[in-house]
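Peer 1: sequence and predicted structure are below.
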Amino acid sequence: MFQRILVANRGEIALRVIRACKDMGIEVVAVFSEADRGAPYLALADQAICIGPAVAAESYLNIPRIISAAEIGDVQAIHPGYGFLSENAHFAEVCRSCKIEFIGPPEQAMRQLGNKNEARKLAMAAKVPVVPGSEGLITEEGEALKLAHEMGYPVLIKAAAGGGGRGMRVAHNDISLKTGLASARQEAESAFKDGSVYLEKYIEHPRHVEVQVLGDRHGNVVHLYERDCSLQRRHQKLVEESPGPNLPDSVRQELCQAAVRLVKTAGYYSAGTCEFLVDKNNRFYFIEVNARIQVEHPVTELVTGIDLVQQQIRVAAGEKLAFTQADIPHRGSAIEVRINAEDPAAGFRPSPGVITAWRPPGGPGIRLDTHVSAGYRVPPNYDSLVAKLLVYRPTRDQAIDTMRRALSEFHVEGIKTTIPILRDIFNDIAFREGKVDTTYIERTYLKKET
Ligand code: ADP
């Protein structure tokens, strides 16, 4: 096992990894940018090293600086968290060539799955259903028009390198397809330096259901059941839960097996997530693999009792999984909500600044993953997530009741947060009945037709 690990990330996930290391008796080195200097979670690491200015390209995304910090800190492995360099196959390669283990999947699987178009091909090879769409990348407008007519509108233009909802456009007719193609390409080019796009049939009112998988370096792969993440705004998740409400058991089984088949085909190990869309007839379609730990991983930790970050570390150190599929339980109902420094009343505009009051909920059935407290300044430079509030109860109804209580206890001043809209959602009958889809927030709360 490693003696010392570096966390190449910030905020709540850096703290999550620090805690996993401490639980395992491993020393941990944190890194920080100027914007995060003095953040309280850094004091929990054994060492904290400044890696540059606030701008991510010069700190959390800067490979030479992170490798230097790893050398100064004398670590044997790097945990990348999520976002930043976590899905960067080149970074994984650099780490390993410097004899520092990258806590994540093998580079080759990352490369293949990191490109949505390649991942689609792999899914087809593993006999996993994909959303109907173009066979490969779309290079000509004429080709896109022809395909859209064959599939029928609406269609979705997707960037092969896309992520975080960027490089994606819905087209309802020829005109919006032409403009969408140009703008999706442009957005993907500037965000990912890769403007290639492809077309998919736009599934109307789908649910987003994903499967957590875990593999070791000895060819063992298991799934840890599903998470329903249908409540999203602008294709970004706000609420995640397991088990998925109203998901027939036979569909759950098929989904989980499809996910295992897919990652086995890719020669994958470590933690990963296969994302699917489920239509109103419970047909499911693969959309992408996230080759990293996800924000919502604690949902799965609560229902299975398995610590996913510790598992990632064990797998990276070469250990075999200590359990088989049959040993993995799924008990009760877990729900996570994302508390972001954003103003839901102003289209979720970021709301950085100093938190002047912070009174989080407590009591039975609650887990709070956060790096902030009163007096903390939310920097404007990064993702706006400030806390993940989770509840774990025997049934979904009880979990919703506990979340309602927890959200009513949660008191924050100084910044705007997503708490008010989350309170509305947990009072919403459609949500309680499990009858929401990925367009629900936009249709119901932002009053925008989709
Ligand atoms: P990203 O990597 O940018 O997050 P994804 O491919 O994971 O993009 O898709 C994000 C979200 O976009 C999904 O959860 C879903 O809400 C929506 N989406 C993606 N593909 C489709 C599709 N073919 N039809 C309808 N909605 C889709």
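Peer 2: Thanks, I have it.
Peer 1: can you pull the residues of the stretch 201-350 of the chain lying near the ligand?
Peer 2: 202, 203, 206, 208, 232, 235, 275, 277, 287, 288 (Cβ under 6 Å from any ligand atom). Bear in mind the C-beta positions are built from the backbone N, C-alpha and C, glycine included.
Peer 1: which parts of the stretch 351-450 of the chain are helices?
Peer 2: With DSSP state H, counting those that start in this stretch applied, the stretch 351-450 of the chain shows helices at 396-409, 419-426, 429-432, 440-444, listed in chain order.
Peer 1: ignore what I typed, I meant the chain.
Peer 2: With DSSP state H as the criterion, the chain has helices at 11-23, 63-73, 89-97, 107-114, 116-125, 141-151, 174-192, 249-265, 297-304, 308-316, 396-409, 419-426, 429-432, 440-444.
Peer 1: with respect to burial, which of those scores highest?
Peer 2: The highest average neighbour count among the helices of the chain, using mean count of other Cβ atoms under 10 Å, belongs to helix 297-304 at a mean of 24.
Peer 1: for that helix, packing partners?
Peer 2: strand 221-233, strand 236-242, helix 308-316, strand 333-340, strand 366-370, strand 385-393 (3 or more Cβ pairs under 8 Å, 6 or more residues apart in numbering; DSSP states H and E).
Peer 1: now what about it, what contacts it?
Peer 2: With contact meaning Cβ atoms under 8 Å, 6 or more residues apart in numbering, helix 297-304 is reached by 212, 224-225, 227, 240-243, 271, 306-309, 328-336, 367, 369, 388, 390, 392.
Peer 1: domains of the chain?
Peer 2: As assigned by automatic domain parsing, the chain contains the domains 4-103, 132-201, 207-449.
Peer 1: average pLDDT across the shortest one?
Peer 2: For domain 132-201, mean pLDDT is 92.
Peer 1: what is the end-to-end distance of it?
Peer 2: 6 Å (Cα to Cα, to the nearest Å).
Peer 1: returning to what we had before: as TSV, the residues of the stretch 201-350 of the chain next to the ligand with neighbour count and distance to residue 318 would be great.
Peer 2: Formatted as TSV, those follow (neighbours: other Cβ atoms under 10 Å; distance: Cβ to Cβ, whole Å):
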residue	neighbour count	distance to residue 318
202	21	43
203	21	40
206	21	39
208	21	34
232	20	37
235	13	37
275	19	28
277	22	36
287	22	32
288	20	28
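Peer 1: going by distance to residue 21, which of those residues wins?
Peer 2: residue 275 (28.1 Å; Cβ to Cβ).
Peer 1: could you find the closest non-adjacent residue to residue 307?
Peer 2: residue 301 (6.0 Å; Cβ to Cβ, 6 or more residues apart in numbering).
Peer 1: with residue 426 instead?
Peer 2: Residue 426's closest residue in space is residue 404 (Cβ to Cβ, 6+ apart), at 4.7 Å.
Peer 1: roughly how far does the one you found sit from the ligand?
Peer 2: 25 Å (Cβ to the nearest ligand atom, to the nearest Å).
Peer 1: before we move on, what about residue 221?
Peer 2: 21 Å.
Peer 1: try residue 140
Peer 2: According to Cβ to the nearest ligand atom, residue 140 stands 21 Å off from the ligand.
Peer 1: that residue: neighbour count?
Peer 2: By other Cβ atoms under 10 Å, the residues close to residue 140 number 9.
Peer 1: that one: what's it in contact with?
Peer 2: Residue 140 sits in contact with no residue, where contact means Cβ under 8 Å, 6+ apart.
Peer 1: my guess is residue 306 contacts residue 225, does it?
Peer 2: No - counting by Cβ atoms under 8 Å, residue 306 sits too far from residue 225 to count as a contact (10.5 Å).
Peer 1: joint contacts of those two?
Peer 2: In contact with both residue 306 and residue 225: 300, 328, using Cβ under 8 Å, 6+ apart.
Peer 1: quick one: the residue nearest to residue 426 and residue 410, what's the gap?
Peer 2: Residue 404 sits at a distance of 11 Å from residue 410 (criterion: Cβ to Cβ, to the nearest Å).
Peer 1: could you do residue 49 as well?
Peer 2: From residue 49 to residue 410 the distance is 33 Å (Cβ to Cβ).
Peer 1: need the residues of the stretch 51-200 of the chain near the ligand, please.
Peer 2: Going by Cβ under 6 Å from any ligand atom, the residues of the stretch 51-200 of the chain near the ligand are 131, 156, 162, 163, 164, 165, 166, 168, 200.
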